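Asks: sequence first, then the predicted structure:
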Amino acid sequence: MNWDETTDATASERLAGPAAERLVGSVADRDDQAVEAALRPRDLDEFIGQEKVREQLDLVLKAARARGATADHVLLSGAPGLGKTTLSMIIAAEMGAPIRITSGPAIQHAGDLAAILSSLQEGEVLFLDEIHRMSRPAEEMLYMAMEDFRVDVIVGKGPGATAIPIELPPFTLVGATTRAGLLPPPLRDRFGFTAHMEFYTPAELERVVHRSARLLDVEIGAEGAAEIAGRSRGTPRIANRLLRRVRDYAQVRADGIITREIAATALAVYEVDARGLDRLDRAVLEALLKLFGGGPVGLSTLAVAVGEERETVEEVAEPFLVREGLLARTPRGRVATPAAWAHLGLVPPQAAGTGTGQAGLFDA
Ligand SMILES: Nc1ncnc2c1ncn2[C@@H]1O[C@H](COP(=O)(O)OP(=O)(O)OP(=O)(O)O)[C@@H](O)[C@H]1O
């Protein structure tokens with residue numbers, strides 16, 4: 001099944017209430033914003049993981065520098081918290097260029113975009129986050145700006161309207177999106193370099209945790225870092241957030257040093273389990289297993305059983321459960337996988353009744 005796990009984040013943005021403020025949510029909260037600037041890698045060498053993207057980007061930037069040219073436009077896609085903003089800042093730093101940061105939802109009118117574009121300096125990097133959420137007229141203006149470094153500003157209305165062309169200095173657009181599939185092909189085609197950011201491996205997240213601990217002046221052992229990395233859902237932002245919560249615990253309840261035991265105990269207090277599931281994720285799995293024998297069960301029934309909105313279950317909890325191979329979405333309803341039973345330490349009904357193992361689980 002080709003399920004887009006990034007819907008997780010867009011739902012978190014949209015859905016109010018506790019689901020949007022999860023410790024394991026991948027969208028930045030106010031706390032994150034305050035510390036993220038200090039934790040951002042400043043150049044490609046410091047940027048951990050994403051080896052292919054790093055290598056390709058390194059070539060693109062070095063070649064542009066050698067030609068004395070502005071770098072090609074770059075499109076970065078991937079879930080929130082994987083480092084798109086960080087990479088855009090690195091692109092600017094590597095090119096020795098200033099950076100301007102804005103986002104699709106902030107650009108409601110073509111005029112908003114014209115004002116930004118016409119004030120760019122030569123070589124400047126324009127980072128446009130959530131580029132898929134830009135308004136249509138602004139998007140169309142962007143086509144011409146990207147290709148010809150020119151915009152037509154329409155003055156007046158109706159038959160008397162005139163288009164005034166404005167020349168722009170060459171600039172590099174770095175577009176970021178959680179949903180590359182939502183971008184219209186004419187926009188996608190105007191990027192010279194497109195990179196998809198993958199979720200990080202536990203080993204890479206361990207390096208992120210060690211690096212952040214060093215910057216935050218926190219003492220942490222190798223096993224402590226591994227414990228945090230394993231619960232971070234493949235996402236550096238979550239790793240950094242869990243590290244801060246574990247640091248609090250280590251300071252208040254221990255001697256400040258993060259060991260494996262301290263990390264595990266602290267994250268148990270915050271209800272983040274060994275695999276990175278939180279209370280909501282586990283409630284969904286538990287209902288599916290204990291009340292419905294592992295499914296199949298309809299989404300609405302499952303949502304009522306856990307006392308959450310249908311959308312919360314579908315868009316906030318399920319994407320990670322699917323990605324982890326704990327839950328499958330089938331035409332007959334939601335079904336738990338054998339890994340789900342194992343994770344919650346439960347025995348599937350057939351296995352319990354007949355001793356035939358987990359075969360036939362999907363026939364429930
Ligand atoms: N490769 C990496 N190495 C080290 N730290 C990283 C890496 N990628 C991201 N981080 C850290 O994770 C945090 C979130 O990264 P960033 O803001 O760049 O993510 P993002 O993909 O732009 O998220 P969003 O889509 O929500 O804007 C930053 O504080 C950054 O320090």
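Replies: Noted; the coordinates are in hand. Only a predicted model underlies this, so the values are computations on that prediction, with no experimental measurement involved. Numbering: from 1, shown residues only.
Asks: helix or strand for residue 249, which one?
Replies: helix 236-253 (DSSP states H and E).
Asks: what comes up buried for that helix?
Replies: 236-243, 245-247, 249-250 (16 or more other CB atoms under 10 Å). All C-beta atoms are positioned from the backbone trio N, CA, C, and that covers glycine.
Asks: what's near enough to touch the residue in the stretch 101-250 of the chain that the ligand sits nearest to?
Replies: Here the residue of the stretch 101-250 of the chain nearest the ligand is residue 236; by CB to the nearest ligand atom that distance is 3.5 Å. Residue 236 sits next to 48, 81, 82, 83, 200, 205, 208 when contact means CB atoms under 8 Å, 6 or more residues apart in numbering.
Asks: check what pLDDT the third one gets.
Replies: As predicted, residue 82 sits at a pLDDT of 95.
Asks: got the contact list for it?
Replies: Residue 82 neighbours (CB under 8 Å, 6+ apart): 50, 197, 198, 199, 200, 235, 236, 237.
Asks: remind me which residues of the protein are low pLDDT?
Replies: Filtered on pLDDT under 70, the chain yields the residue ranges 1-21, 351-364.
Asks: can you tell me the centre-most residue of it?
Replies: residue 80 (1.8 Å; CA atoms, centre = their mean).
Asks: surely that residue and residue 177 touch.
Replies: No. Applying CB atoms under 8 Å as the test, residue 80 and residue 177 come out as separate, 10.5 Å apart.
Asks: surely residue 250 touches residue 257?
Replies: Yes. In terms of CB under 8 Å, residue 250 counts as a neighbour of residue 257; the distance is 6.3 Å.
Asks: kindly report the residues of the stretch 1-150 of the chain close to the ligand.
Replies: Contact residues (CB under 6 Å from any ligand atom) of the stretch 1-150 of the chain with the ligand: 27-28, 36, 39-41, 47-50, 80-86, 129.
Asks: which of these fall within helices?
Replies: Of those, the ones assigned to helices by DSSP state H are 36, 39, 84, 85, 86.
Asks: pull the most distant pair out of the residues you listed.
Replies: Of all pairs drawn from these, the greatest distance, 14.9 Å, lies between 39 and 84 (CB to CB).
Asks: higher neighbour count, the two?
Replies: More crowded of residue 39 and residue 84, by other CB atoms under 10 Å: residue 84, with 24 against 18.
Asks: secondary structure element holding residue 165?
Replies: strand 162-167.
Asks: now do the contacts for the residue in the chain that the ligand sits nearest to.
Replies: Nearest residue of the chain to the ligand: residue 83, at 2.6 Å (CB to the nearest ligand atom). Residue 83 sits next to 47, 50, 197, 236 when contact means CB under 8 Å, 6+ apart.
Asks: let's see that with 7 Å instead.
Replies: Taking CB atoms under 7 Å, 6 or more residues apart in numbering, we find residue 83 in contact with 47, 197, 236.
Asks: so what are the domain limits for the protein?
Replies: 11-196, 202-269, 279-343 (automatic domain parsing).
Asks: now the last one, how far from the chain's geometric center?
Replies: Okay, so that is domain 279-343. Computed by CA atoms, centre = their mean, to the nearest Å, the separation of domain 279-343 from the middle of its chain amounts to 22 Å.
Asks: could you measure from the closest residue to residue 173 other than its chain neighbours over to residue 189?
Replies: Closest residue to residue 173 apart from its sequence neighbours, by CB to CB, 6 or more residues apart in numbering: residue 73 at 4.3 Å. Noted for residue 73: a distance of 10 Å to residue 189, by CB to CB, to the nearest Å.
Asks: ok, now residue 344?
Replies: For residue 344 relative to residue 189 (CB to CB), the value is 46 Å.
Asks: more neighbours, the two?
Replies: Neighbour count, other CB under 10 Å: between residue 344 and residue 189, residue 344 has more, with 17 against 13.
Asks: that one contacts residue 283, doesn't it?
Replies: No. Using CB atoms under 7 Å as the test, residue 344 is too far from residue 283 to be in contact (11.1 Å).
Asks: so how far is residue 321 from residue 193?
Replies: Where residue 321 is concerned, residue 193 sits at a distance of 33 Å (CB to CB).
Asks: who has more neighbours, these two?
Replies: Using other CB under 10 Å as the criterion, residue 193 and residue 321 rank with residue 321 on top: 25 against 19.
Asks: could you count how many residues lie near the closest residue to the more buried one other than its chain neighbours?
Replies: Nearest residue to residue 321 in three dimensions, chain neighbours excluded: residue 327, at 4.0 Å (CB to CB, 6+ apart). Neighbour count of residue 327, defined by other CB under 10 Å: 26.
Asks: residue 327: what's it in contact with?
Replies: 285, 288, 318, 321, 334, 336, 337, 340.
Asks: and the third one, which helix or strand is it part of?
Replies: Just to be clear, that refers to residue 318. Short version, using DSSP H and E: residue 318 is in helix 318-323.
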